[in-house]
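Undergrad: got a sequence here, can you model it:
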Amino acid sequence: ESNRIGTLAENLLLQVPEVKQVGRRTGRAELDEHAEGVHSSEIDVDLAPSERGRDAVLADIRSRLAVIPAAINIGQPISHRLDHLLSGVRAQIALKVFGDDTDTLRSLATDLQTRLAAIPGVVDLQLEKQVRIPQLQVRVDYNKVQQYGVTPASINQALETLANGATVAQVLDNNRRADVVIRLQDADRTAHGLRNLLVETHAGYIPLQQIASIEDSSGPNQIVRENSRRRIVLSANAADGADMAGVVQAIRAELADFPLPEGYFTRLEGQFQAQEEATQLIAMLALVSLTLIFLVLYSRYQSSVLALIIMGNIPLALVGGVVALWLAGQTLSVASLVGFITLAGISTRNGILKISHYQHLVQHEGETFGIPMIVRGSLERLTPVLMTALVAAFALLPLILASGEPGKEILHPVALVIFGGLVSSTLLDTLLTPVLFYRWGEKPLQNLLSNQGATHETV
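TA: Numbers count the residues shown, from 1 in each chain. Coordinates of the predicted model:
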């Protein structure tokens with residue numbers, strides 16, 4: 001059945017214009033790090049370049065596979081492995097519901113599935129297959145078992161051997177081995193057949209129905225536990241182009257409005273956890289970086305005013321990085337945050353070039369503080385500022401233009417942020433830094449020159 005549905009999925013995928021070829025793996029070996037039964041199939045799809053965007057192609061694939069009676073989860077092979085390591089589920093978002101009763105868990109998860117399906121950006125929403133299946137229940141009457149002088153354990157062992165089968169030997173065929181299994185015929189493995197099953201006792205063989213009750217019932221196909229608590233999982237992905245943080249925030253809002261019985265609770269896990277932790281770490285490192293930049297500038301210019309004037313280029317650069325992300329349709333990610341931190345150090349360079357040159361003109365070339373000196377210093381520093389910015393920008397162009405190529409998922413946002421920040425900081429710095437220095441830089445510059453003069457006299 002798994003092979004039949006897998007073949008149907010392959011034929012549907014091949015109808016997508018961009019799909020060149022498909023390959024399927026059904027099940028995984030027991031010793032595999034990501035072992036799966038034959039109920040699970042992975043289909044690798046090779047896509048050809050197309051005028052349609054990635055979002056449109058994946059939407060087309062999802063719509064075609066929606067007719068298959070199976071749970072569909074679309075993503076990348078490596079991301080599936082990472083998701084499995086993070087939450088135990090091969091999806092970007094895993095909502096786990098914990099409790100004691102399997103039926104109550106399934107009911108709560110079904111209600112949550114209906115609520116989450118209405119959230120924009122949620123795709124591939126599926127509920128873990130914990131369902132009730134037909135079972136034969138055999139309840140041993142302990143009083144009657146004692147009358148016949150047998151133990152319940154021996155009865156259970158006999159039933160397990162005859163109903164489920166037991167390996168009694170092996171047949172060798174050259175290098176091949178085949179197990180010989182003894183068990184009841186299929187006709188006898190029913191409620192009626194088990195009632196008439198003869199069980200050995202000290203008084204001879206008696207029908208099983210004399211010491212046990214056999215009835216048709218239903219029970220869960222599997223019971224999954226995590227940290228000793230029963231749980232059921234709702235898994236989902238964020239649509240391509242959707243803001244993962246926004247989707248997770250909407251899910252948390254739904255969970256806040258969803259009442260749970262006493263003893264039941266939910267836990268939201270997935271990629272966003274690692275992203276949130278990384279974002280917090282990057283925010284802390286950004287504060288450390290800004291602090292260190294300020295301390296270095298203060299040690300050089302001995303003025304907090306001059307250090308802050310130079311660091312004024314940082315928000316100017318951030319503006320360009322944000323605009324670049326917006327124009328490219330990118331969302332704020334860990335990679336782009338790394339680009340912003342890098343941009344903070346690069347953008348201060350222009351201010352250092354200008355203010356150091358202003359100091360040089362006053363200290364060594366006889367200029368006095370004023371507009372003519374600032375205009376001259378700005379014009380003389382314009383060439384090196386533009387040269388360094390253009391060289392960096394040209395070096396980033398290959399990464400910016402290769403946004404859709406494999407392996408550029410991390411470097412493209414970084415390059416995009418740095419490029420946009422270089423453009424905005426270079427243009428705005430040319431106008432704002434001279435104005436800020438003219439407005440607040442005279443007194444700090446005089447103090448710096450007097451301190452350096454006093455130092456030279458002491459030496």
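Undergrad: any weak-confidence spans in the stretch 51-200 of the chain?
TA: The stretch 51-200 of the chain contains residues with pLDDT under 70 at 78-88.
Undergrad: what segments of it are strands?
TA: Under the criterion DSSP state E, counting those that start in this stretch, the stretch 51-200 of the chain carries strands at the ranges 93-99, 122-127, 132-140, 166-173, 176-182, 198-201.
Undergrad: among those, which is nearest Q157?
TA: strand 166-173 (9.5 Å; Cβ to Cβ). The C-beta positions use only the backbone N, C-alpha and C, and glycine is treated the same way.
Undergrad: now what about that closest one, what contacts it?
TA: Strand 166-173 is contacted by residues E160, R177, A178, D179, V180, V181, I182, R183 when judged by Cβ atoms under 8 Å, 6 or more residues apart in numbering.
Undergrad: then stretch 351-360?
TA: With Cβ under 8 Å, 6+ apart as the criterion, stretch 351-360 contacts 297, 301, 306, 309-313, 373-374, 377-378, 380-381, 384-385, 429, 433-434, 437, 441, 445, 448-449.
Undergrad: buried stuff in it?
TA: By neighbour count on 16 or more other Cβ atoms under 10 Å, the buried set for stretch 351-360 is G351, I352, L353, K354, I355, H357, Y358, Q359.
Undergrad: greatest separation within those residues: which pair is it?
TA: Greatest spacing in the buried residues of stretch 351-360, by Cβ to Cβ: G351 and Q359 (12.3 Å).
Undergrad: surely A344 is in a helix?
TA: Yes - under DSSP: H, G, I helix; E, B strand; the rest coil, A344 sits within a helix.
Undergrad: count the residues that sit near it.
TA: For A344, the neighbour count with other Cβ atoms under 10 Å is 20.
Undergrad: now it. Nearest residue, chain neighbours left out?
TA: I314 (5.0 Å; Cβ to Cβ, 6 or more residues apart in numbering).
Undergrad: and the most centrally placed residue in the chain, what pLDDT?
TA: Note on the chain: the residue nearest the mean C-alpha position is Q271, at 2.3 Å, using Cα atoms, centre = their mean. For Q271, the model assigns a pLDDT of 75.
Undergrad: who's in contact with the nearest residue to it once chain neighbours are set aside?
TA: The shortest distance from Q271 to any non-neighbouring residue, by Cβ to Cβ, 6+ apart, is to Q92 (4.7 Å). Q92 makes contact with G75, S79, D83, A236, N237, A238, M244, G270, Q271, F272 under the criterion Cβ under 8 Å, 6+ apart.
Undergrad: do the same with V122
TA: Contact analysis of V122 by Cβ under 8 Å, 6+ apart lists I93, L116, A236, N237, A238, A239, V247, I251.
Undergrad: gap between the two ends of stretch 149-166?
TA: 25 Å (Cα to Cα, to the nearest Å).
Undergrad: buried set for that stretch?
TA: V150, I155, A158, L159, L162, A163.
Undergrad: list the buried ones in the helix or strand harbouring Q280?
TA: In the assignment (DSSP states H and E), Q280 maps to helix 271-301. Neighbour-count burial for helix 271-301, counted by 16+ other Cβ under 10 Å, picks out Q271, F272, A274, Q275, T279, I282, L290, I293, F294, L297, Y301.
Undergrad: can you lay out those residues as JSON lines showing distance to R25?
TA: Converted to JSON lines, those look like this (distance: Cβ to Cβ, whole Å):
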{"residue": "Q271", "distance to R25": "23"}
{"residue": "F272", "distance to R25": "28"}
{"residue": "A274", "distance to R25": "26"}
{"residue": "Q275", "distance to R25": "29"}
{"residue": "T279", "distance to R25": "35"}
{"residue": "I282", "distance to R25": "37"}
{"residue": "L290", "distance to R25": "49"}
{"residue": "I293", "distance to R25": "51"}
{"residue": "F294", "distance to R25": "55"}
{"residue": "L297", "distance to R25": "57"}
{"residue": "Y301", "distance to R25": "63"}
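Undergrad: ok, so of the residues you listed, who is nearest G329?
TA: G329 has its nearest neighbour among the buried residues of helix 271-301 in Q275, at 18.8 Å by Cβ to Cβ.
Undergrad: ok so, going back, what about the residue nearest to the centre of the chain, distance to A256?
TA: Separation of Q271 from A256 (Cβ to Cβ, to the nearest Å) stands at 21 Å.
Undergrad: kindly report the same for Q170.
TA: 59 Å.
Undergrad: Q146 too?
TA: The spacing between Q146 and A256, counted by Cβ to Cβ, is 55 Å.
Undergrad: do L382 as well
TA: As judged by Cβ to Cβ, L382 and A256 stand 55 Å apart.
Undergrad: before we move on, what about P120?
TA: 18 Å.
Undergrad: now swap in R349 and tell me
TA: Relative to A256, and taking Cβ to Cβ, R349 is found at 46 Å.
Undergrad: then V224?
TA: Using Cβ to Cβ, V224 is found at 25 Å from A256.
Undergrad: what about those two, which has more around it?
TA: It is V224, of V224 and A256, that has more neighbours when counted by other Cβ under 10 Å, with 16 against 7.
Undergrad: residues contacting the more buried one?
TA: E128, Q130, R230, R231, I232, V233.
Undergrad: where along the stretch 251-400 of the chain do the helices fall?
TA: 271-301, 304-311, 313-328, 334-364, 371-401 (DSSP state H, counting those that start in this stretch).
Undergrad: reformat the ones you listed as a markdown table; add distance to S40.
TA: Shown next, in a markdown table, are those (distance: least, Cβ to Cβ, whole Å):
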| stretch | distance to S40 |
| --- | --- |
| helix 271-301 | 21 |
| helix 304-311 | 54 |
| helix 313-328 | 36 |
| helix 334-364 | 30 |
| helix 371-401 | 37 |
